[in-house]
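K.L.:
Pasting the sequence and the predicted model now:
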Amino acid sequence: MRNKFIEVLVEEAKNNDKIILIIGDLGYNVVEPFQEEFPDRFFNAGICEQNMASMAAGLSSEGFHVFIYSIGNFPTFRCAEQLRNDIGYHNLNVTVVSVGGGLSYGNLGYSHHAIQDLGLIRLFPEFKILAPGDPNETIGCMQNLFSTTGPSYLRLKKAGEPNKNKQVPNLKSGIWNKIIESKNGKIFLSTSGGLKLAFDRLNAHKKYKDFGIYSCPIWGQKYKYLQQSQIDNFEEIISVEDHLADGGFGSWLRESIADVYSYSKLTSLALKSNIIGAVGSEEYLLKLGGF
Amino acid sequence: MNSDLLSKEIRKLSLEMVHNSNASHIGSALSMVDILAVLYNDILKFDSNNQNWEERDKLILSKGHSCVALYAVLGLKNFFDIELLKTYGKNGSNFMNHISHKVPGVEFSTGSLGHGLPYAVGIALGNKLKKIDSKVYVILGDGEVAEGSNWEALLFASHNKLDNLVVIVDNNNLQSLTTVDDTLSLEPYDKKFLSFGCNVVKVDGHDHEQLNKVFSLNNLNLKLNVVIAKTIKGKGVSYMENEVKWHYKSPNTEELSTAIKEINNA
């Protein structure tokens, strides 16, 4: 996923000289193609996430689309106020890219598990969240990014994720992406790593054989108003995410209809907090966390 | 109007705004008035009729609580109808009690400390990339210098030779409860900045001639410039000078009148 990200960014940057990539001293064996192609538009901010975020805001105020790249919680929690005040409040064209969404970094431990990041970013009304579940959705998210402006958060997993989307989907902000049609009016609705988990669940249990699978890779406060009409199309929706339940995608979905009636049954599959501090691979931790 | 007269007008308007809105931080505002007066009268390139002019110099106020002084000078320099200053802090106004980018001429909103310098670094870098020959000035409070984000920004600015950035430290040695020296001493400022690769100049922050001279210097050594301006918190109103309580208190009608008279007679 991260390699697809850099590949698409390099292609876009060939035609758009306003694209700048700043890394927080991470991205070995990933960011080099951009650095080599555009040495004047590539900066390593060092291990200084607060400065990286505010500086990106300042650069963006000069007309640039700035990507800041780091892993896990470093470009989000470490500099949360910079995202809130400098990028968000000033509505600047900065994309915060976090690699290692969910439990991608398995045994690197809790410091490297991005399992509350969506909860943080969805607090900021100006931010668009882009949380692809496979490489094709990553391309779709990037295409969406380049067609709009404003603060955004791109949550990537790591590398080697299988494509569940057979082709690059045309992703619209807040609109669900149909991957498998429902035969019974019931669906899994995923974001980020929830896409693979939805497929795993559908394939593992006969009772889900007629369920459809949809993803919602692009969401956030701005797109809540688009959810009601989509929710009402289904009898049952199970949201799936590799994030803690509190403040996550399922929580956002339910809050989007908090003030209205819906006859749809909404439930959530999300990580349980017992994974905090546990050691193991992503697969092991997902199982421990309820998947 | 020369910078001396301008500074008097800024001081009076600042006092009136704080009085009308029963607001805080007048001491911090008065401390940097002379710096603003010199910058806006003699140094900064700007056009209030073309406020988005790409090649303008930019001023970032990182100590956003001192906003009244910046609002005042922008009003006096015709960025907006000066009558609007009367709405400062009132319901529905754009004139927030921390500097707000919704006010014409204000480049960046602050209020939380340690944000202005990193943002200014981004602008300076942007100007370098666009090959625009303009400068970015950022005013920091001396207590604020303790924020780690400032030192992150200095590392980057110095490493990338951002000689189009001027960092001004309003060194009044008073912060929230007592002196900076007694809170978390930052002395020796000059050596700290020097060790981060900066070009450091010390100046009397109330001496317009000195300020003008320092800001007019062309930096030929490709280094980030830091101006440590020695100032007095509450400067220009004798009963406010060096008194912590004027970080919080608003002058009542009688105190306002005394202050205005003192400024007029200075």
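P.N.:
Sure thing, it's come through.
K.L.:
for the residue in chain B that chain A sits nearest to, helix, strand, or coil?
P.N.:
Distances between chain B and chain A by Cβ to the nearest Cβ are smallest at residue B:122, namely 2.2 Å. Heads up, the C-betas are built off the backbone N, CA and C, glycines and all. Following DSSP: H, G, I helix; E, B strand; the rest coil, we place residue B:122 in the helix state.
K.L.:
burial measure for it, as a count.
P.N.:
By other Cβ atoms under 10 Å in any protein chain shown, 32 other residues sit near residue B:122.
K.L.:
Same question for residue A:270.
P.N.:
Neighbourhood size, residue A:270 [other Cβ under 10 Å]: 23.
K.L.:
about what we covered before: let me see the contact set for the residue of chain B closest to chain A.
P.N.:
When contacts are counted by Cβ atoms under 8 Å, 6 or more residues apart in numbering or on different chains, residue B:122 is found next to A:54, A:55, A:56, A:57, A:58, A:59, A:60, A:61, A:62.
K.L.:
now with 7 Å?
P.N.:
By Cβ atoms under 7 Å, 6 or more residues apart in numbering or on different chains, residue B:122 lies in contact with A:54, A:55, A:56, A:57, A:58, A:59.
K.L.:
Next: residue A:190.
P.N.:
Per Cβ under 7 Å, 6+ apart, neighbours of residue A:190: A:133, A:197, A:198, A:215, A:240, A:241.
K.L.:
wait, the fourth one sits on residue A:175?
P.N.:
No - taking Cβ atoms under 7 Å as the contact criterion, residue A:215 and residue A:175 are not neighbours in contact, 10.5 Å apart.
K.L.:
From the neighbour counts alone, determine which of these two ranks first.
P.N.:
Between residue A:215 and residue A:175, counted using other Cβ under 10 Å, residue A:215 has the larger neighbour count: 28 against 16.
K.L.:
Tell me the bridge partners for the more buried one.
P.N.:
On the basis of DSSP bridges, residue A:215 is bridged to residue A:177, residue A:190.
K.L.:
Okay, and whatever residue of the stretch 51-200 of chain A ends up closest to chain B sits in which element?
P.N.:
As assessed by Cβ to the nearest Cβ, chain B sits closest to residue A:58 within the stretch 51-200 of chain A, at 2.2 Å. Following DSSP states H and E, one finds residue A:58 within helix A:49-60.
K.L.:
what comes up buried for the helix or strand following that helix?
P.N.:
Downstream of helix A:49-60, the next assigned helix or strand under DSSP H and E is strand A:65-71. For strand A:65-71, the neighbour count (16 or more other Cβ atoms under 10 Å in any protein chain shown) marks A:65, A:66, A:67, A:68, A:69, A:70, A:71 as buried.
K.L.:
residues touching the closest residue in space to the first one that isn't next to it in sequence, list them.
P.N.:
Translated: residue A:65. Of all residues not flanking residue A:65 in the chain, residue A:93 sits nearest, at 4.8 Å (Cβ to Cβ, 6 or more residues apart in numbering or on different chains). With contact set as Cβ under 7 Å, 6+ apart, residue A:93 has these partners: A:60, A:65, A:149, A:150.
K.L.:
what's the distance between the last one and residue B:30?
P.N.:
When distances are taken as Cβ to Cβ, to the nearest Å, residue A:150 and residue B:30 turn out to be 38 Å apart.
K.L.:
Specify which residue of the two has the higher count of neighbours.
P.N.:
residue B:30 (31 against 17).
K.L.:
State the distance from that one to residue A:32.
P.N.:
Counting by Cβ to Cβ, the gap from residue B:30 to residue A:32 is 52 Å.
K.L.:
and the stretch 51-200 of chain A, which of its residues are near chain B?
P.N.:
Taking Cβ under 7 Å from any Cβ of the partner chain as the measure of proximity, the stretch 51-200 of chain A contacts chain B at A:51, A:54-59, A:61-62, A:64, A:81-82, A:85-86, A:89-90.
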